[in-house]
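# Make a model of this:
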Amino acid sequence: MRSPYDSEDGIVSYVYCLHFDRPYPSGRHPQHYIGVSADPKTRFAEHSRGNQGKGGALPRAFARLGIGFVVVLLEGFTTPRAAFERERQLKKAHNHARICELCKEGRCGKDDRSC
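Coordinates of the predicted model:
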């Protein structure tokens, strides 16, 4: 079955950014998560359910608390390597609010520096 994110352009991997609906209660965790997947629809469902052993601990922690998310970035790549390189570039930037449309427009309820 084809993902709705599949295209005829040879896209095989996607980089995505999630914006969580609210901050983690401790306030020590970012409100964004960057990841990579060949099947974003399935991956987002796994993040929503907080599946153990599947990907990052941050989305699991948010899911356990019932904190939802919005996909604010989805970029397609023709090779997995290119997707992983872009993911690494975005993670190294440490300012995910700059790529988040909700934060840039002030719709997340916080200013850019704390989002």
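
# Now the helix or strand harbouring Val15 - C-alpha only, CSV.
Secondary structure from DSSP states H and E places Val15 in strand 13-20. C-alpha atoms of strand 13-20 as CSV (Å, rounded to 0.1, in the frame of the first residue of the first chain):
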residue,chain,number,x,y,z
SER,A,13,12.8,9.2,2.6
TYR,A,14,11.3,12.1,4.5
VAL,A,15,12.6,14.5,7.2
TYR,A,16,9.9,15.9,9.5
CYS,A,17,9.6,18.3,12.4
LEU,A,18,6.9,17.8,15.0
HIS,A,19,5.7,20.7,17.1
PHE,A,20,4.2,19.5,20.4
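
# any idea where the strands of this structure begin and end?
Per DSSP state E, the chain carries strands over the ranges 13-20, 32-37, 69-77.

# What is the second one packed up against?
Spelled out, that is strand 32-37. If contacts are counted by 3 or more C-beta pairs under 8 Å, 6 or more residues apart in numbering; DSSP states H and E, strand 32-37 sits against strand 13-20, helix 40-49, helix 57-64, helix 80-93. From N, CA and C alone the C-beta is placed, and that goes for glycine too.

# So which of those is nearest His32?
strand 13-20 (5.7 Å; C-beta to C-beta).

# residue contacts, the closest residue to Arg43 other than its chain neighbours?
Residue nearest to Arg43 in three dimensions, not counting chain neighbours: Ser37, with 3.9 Å by C-beta to C-beta, 6 or more residues apart in numbering. Residues near Ser37 by C-beta atoms under 8 Å, 6 or more residues apart in numbering: 13-14, 16, 43.

# May I have the phi/psi pair for Ala38?
Torsion angles at Ala38 (phi, psi; degrees, to the nearest 10) stand at phi -80, psi -20.

# For it, report the pLDDT, please.
pLDDT recorded at Ala38 is 94.

# List the neighbouring strands of the strand holding Val15 plus their orientation.
Next to strand 13-20 in the sheet, as set by DSSP bridges, lie strand 32-37 (antiparallel), strand 69-77 (antiparallel).

# now the first one against helix 40-49, angle please.
Here strand 32-37 runs at an angle of 140 degrees relative to helix 40-49 (axes from the mean of the first three to the mean of the last three C-alpha atoms, to 10 degrees).
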